[in-house]
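> kindly generate the corresponding structure for this input.
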Amino acid sequence: MIRAASISALATFAHKVPALRKSILLLLYKCLKDSDDEVRERAYFFIKLLEEQGEKSVLDNSEYNNEE
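Modelled structure (predicted):
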């Protein structure tokens with residue numbers, strides 16, 4: 001239960017501090033090999049969520065989205 005809660009905490013840090021996102025995603029990928037199902041499921045969920053958020057932020061900052 002503690003490890004599963006730590007996954008959520010890491011994801012919160014990754015969301016609030018974009019500079020840490022890459023490092024935290026690496027940690028979350030390592031959590032996919034954990035023996036606990038809940039830890040693996042949370043890690044997978046947050047990996048997908050953070051990757052989607054990262055793609056969205058890249059698109060939001062794209063020069064193609066600037067309205068003139």
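> scan the protein for its longest helix.
Ranked by residue count, the top helix of the chain under DSSP state H comes out as helix 37-60.
> elements contacting it?
On a contact count with 3 or more CB pairs under 8 Å, 6 or more residues apart in numbering; DSSP states H and E, helix 37-60 meets helix 2-16, helix 21-31. C-betas here are computed from N, CA, C, even on glycine.
> ok, which of those comes nearest Arg42?
Across those, Arg42 has its closest neighbour in helix 2-16 (4.2 Å, CB to CB).
> for this structure, which residues score under the pLDDT cut-off?
Low-confidence segments of the chain, defined by pLDDT under 70: 55-68.
> quick check, central residue of it?
Centroid-nearest residue in the chain, with CA atoms, centre = their mean: Leu50, separated by 3.2 Å.
> if I look at that one, how far off is Ala9?
13 Å (CB to CB, to the nearest Å).
> quick check: phi and psi on Lys33?
In terms of degrees, to the nearest 10, the main-chain angles of Lys33 are phi -100, psi 10.
> before we move on, the earlier item: can you lay out the helices and strands packed on helix 37-60 as JSON lines showing distance to Phe46 and mean neighbour count?
Below are these laid out as JSON lines (distance: least, CB to CB, whole Å; neighbours: other CB atoms under 10 Å):
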{"stretch": "helix 2-16", "distance to Phe46": "4", "mean neighbour count": "15"}
{"stretch": "helix 21-31", "distance to Phe46": "6", "mean neighbour count": "15"}
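> turn those helices into CSV, columns for distance to Asp37.
What follows is those, written out as CSV (distance: least, CB to CB, whole Å):
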stretch, distance to Asp37
helix 2-16, 9
helix 21-31, 12
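> all good on my end, thank you.
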